[in-house]
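1. need the 3D shape of this:
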Amino acid sequence: MVRKIGWRVLPFILFSYFVAMVDRGNISFAAATMNADLGFSETVYGLGASAFFLGYSLLEVPSNLMLARFGARIWLARIMLTWGVISILTAFIQTPWQFYAMRFALGVAEAGFYPGAILYLSTWFPGEHRAWAISRFYVSLPLSYVVMGSIAAPLLALHGMAGLHGWQWLLIVEGMPSVLLALVLIAALPDQPGTARWLTLAERCWLEDRLAREAAAAGALSHHVLRALLNPFVVMLGAANALNYVAINAIAFSAPKLLAAGTGMDVAGVGRVVSAGGLAIALGLLIVGPLAGKTVARTLMAYSGFMGLAAAGLSVLWLAASPTSTIAGYILFFAAAQTAGMLPLAVVSRLIPERDRPAGLAMANTISQGVAFFGPLTWGVLADATGSYRLGVALLIPLSLGAAGMAQVARLRARTVRAG
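-> Numbering: from 1, shown residues only. You can find the predicted model right below:
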């Protein structure tokens with residue numbers, strides 16, 4: 001039955017998250033020519049890239065609470081419609097402040113989607129199947145890199161058509177699917193098992209009973225916690241992933257320029273490397289889902305292991321002396337870090353009571369994304385100050401190791417609480 005639910009629910013969430021990641025990350029390819037056309041420095045670009053996370057983190061908790069109130073179908077469709085429109089409008093910026101404003105607005109529009117999707121999946125999949133479900137929907141993230149890497153060069157080559165720059169065409173074309181998919185969600189996404197006519201009465205009863213028993217167990221586990229926003233697992237795992245996302249976003253928003261500098265490749269060549277990184281992430285997700293989802297302890301061990309691999313990838317990238325080592329370091333880091341990134345919220349959804357999940361999941365992601373604001377900004381400042389990305393890469397290595405260590409602290413606490 002779990003796979004039956006997966007086939008009816010996951011495609012909607014997968015495609016939605018896919019276009020979200022395209023609209024969030026396509027600015028990295030647009031920057032290859034946009035920065036020169038508009039006279040943006042690395043610091044200006046880094047601040048604009050970071051502004052997204054400021055808007056995202058401020059509205060994360062309110063957005064998830066609104067999703068719990070209005071239902072996933074309406075609220076996720078609203079999110080997609082607004083971020084699609086804003087992504088398209090970003091193509092017409094002319095000044096740094098317009099860039100900052102549009103990236104901030106895109107973060108506000110997208111706020112709540114990822115934890116909202118996790119919350120939505122938690123109403124359909126029992127705990128031991130949740131990491132599997134999340135890994136299947138999260139695979140849309142690496143697929144977005146595959147697509148962005150593949151179509152960036154052709155879209156940038158539209159430079160001059162209808163009087164627009166290539167980077168403008170890239171933002172417009174890649175923003176349109178979000179608007180169209182919003183209409184699909186409003187028409188077809190099922191809100192909850194109780195309204196799914198394709199489930200039999202026996203299946204609905206089994207699922208609702210299973211989820212109710214899990215919710216009761218989670219309530220007993222967190223009896224010391226007065227409010228979801230102060231839940232220690234929310235804070236610890238949110239902070240661990242914050243360190244991870246600082247590194248991810250620092251690299252992601254400058255990946256085309258970083259790879260071009262380290263390999264001498266043109267946009268098409270860099271796009272192929274980014275696509276290869278996406279395929280590596282997809283492979284990691286397919287591996288980690290079944291391995292990590294059985295227990296909280298195993299999931300957190302998997303997280304720490306992947307963060308160790310991420311630190312190794314950054315070390316290779318930092319010491320890179322050839323195009324081959326640059327590519328290898330980038331792919332190892334990005335595949336490991338992004339694979340790890342899907343695990344903390346899966347754990348949080350199992351360690352807090354059902355009534356606290358909307359606020360708890362949103363707060364964990366708020367911590368992660370709020371701190372991530374500093375990644376692209378600091379990266380840009382360091383690049384302008386030193387003339388390269390080398391120092392920035394070196395400073396990211398201890399962050400990945402710190403995330404691995406914090407996950408182990410959370411694992412030990414979870415074991416202690418369960419034993420008590």
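2. for the helix or strand containing Ile327, what is the distance to the chain centroid?
-> Here Ile327, judged by DSSP states H and E, is contained in helix 323-341. Its chain's C-alpha centre and that of helix 323-341 lie 16 Å apart, by C-alpha atoms, centre = their mean, to the nearest Å.
3. before we move on, what about stretch 193-209?
-> The answer for stretch 193-209 is 30 Å, by C-alpha atoms, centre = their mean.
4. for that stretch, which positions count as buried?
-> 193, 196, 199, 204, 207 (16 or more other C-beta atoms under 10 Å). Just so you know, the C-beta spots here come from the backbone N, C-alpha and C atoms, and that holds for glycine as well.
5. and those residues as TSV, adding secondary structure and distance to Trp124?
-> Below are the buried residues of stretch 193-209 laid out as TSV (DSSP: H, G, I helix; E, B strand; the rest coil; distance: C-beta to C-beta, whole Å):
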residue	secondary structure	distance to Trp124
Pro193	helix	6
Ala196	coil	9
Leu199	coil	10
Arg204	helix	11
Leu207	helix	8
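6. quick check: the two most widely separated of these?
-> Ala196 and Leu207 (9.4 Å; C-beta to C-beta).
7. would you mark the buried spots in the helix holding Ile327?
-> 326-327, 329-341.
8. what's the next secondary structure element after that helix?
-> Following helix 323-341 in sequence, per DSSP H and E, is helix 343-351.
9. that next one: how far from the chain's middle?
-> How far helix 343-351 lies from its chain's middle: 15 Å, per C-alpha atoms, centre = their mean.
10. mind giving me the packing neighbours of it?
-> helix 113-122, helix 127-138, helix 201-221, helix 232-252, helix 267-292, helix 296-319, helix 357-372, helix 390-419 (3 or more C-beta pairs under 8 Å, 6 or more residues apart in numbering; DSSP states H and E).
11. so which of the ones you listed gets nearest Leu58?
-> Per C-beta to C-beta, nearest to Leu58 of the helices and strands packed on helix 343-351: helix 357-372, 8.1 Å.
12. state the mean pLDDT of the closest one.
-> Taken as a whole, helix 357-372 carries a mean pLDDT of 77.
13. and the angle from the next helix or strand after it to helix 390-419?
-> Moving toward the C-terminus from helix 357-372, the next helix or strand (DSSP H and E) is helix 374-386. With axes from the mean of the first three to the mean of the last three C-alpha atoms, to 10 degrees applied, the angle from helix 374-386 to helix 390-419 works out at 160 degrees.
14. do you know how far Leu65 is from Gly112?
-> As judged by C-beta to C-beta, to the nearest Å, Leu65 and Gly112 stand 9 Å apart.
15. buried sites along stretch 164-183?
-> 164-175, 177-179, 181-182.
16. export the buried residues of stretch 193-209 as CSV, with columns for pLDDT.
-> Below are the buried residues of stretch 193-209 laid out as CSV (pLDDT from 0 to 100):
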residue, pLDDT
Pro193, 79
Ala196, 76
Leu199, 79
Arg204, 78
Leu207, 78
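17. which one of the residues you listed is nearest to Ser150?
-> Nearest member of the buried residues of stretch 193-209 to Ser150, counting by C-beta to C-beta, is Ala196, at 35.2 Å.
18. so what's that closest one closest to, chain neighbours aside?
-> Residue nearest to Ala196 in three dimensions, not counting chain neighbours: Pro190, with 4.8 Å by C-beta to C-beta, 6 or more residues apart in numbering.
19. tell me the pLDDT at that neighbour?
-> Reported pLDDT for Pro190: 81.
20. quick one: secondary structure of it?
-> coil (DSSP: H, G, I helix; E, B strand; the rest coil).
21. how about it, phi and psi?
-> When quoted as degrees, to the nearest 10, the phi and psi of Pro190 stand at phi -80, psi 140.
22. wait, what's in contact with it?
-> Applying C-beta atoms under 8 Å, 6 or more residues apart in numbering to Pro190 gives the contacts 8-9, 73, 196.
23. neighbour-wise, which of Leu65 and Gly112 wins?
-> Shown here are Leu65 and Gly112; by other C-beta atoms under 10 Å, Gly112 has more neighbours (29 against 16).
24. correct me, but the more buried one touches Ala68?
-> No: using C-beta atoms under 8 Å, Gly112 makes no contact with Ala68, being 10.1 Å away.
25. coming back round to it: check the contacts of Pro190 and tell me the two furthest apart.
-> Among the contacts of Pro190, Arg8 and Arg73 lie farthest apart (C-beta to C-beta), at 13.4 Å.
26. looking at the two, which is more packed in?
-> The residue with more neighbours, out of Arg8 and Arg73, is Arg73; 20 against 16, by other C-beta under 10 Å.
27. surely the more buried one meets Leu189?
-> Yes: here Arg73 lies in contact with Leu189, judged by C-beta under 8 Å, at a distance of 4.4 Å.
28. which neighbours do those two share?
-> In contact with both Arg73 and Leu189: no residue, using C-beta under 8 Å, 6+ apart.
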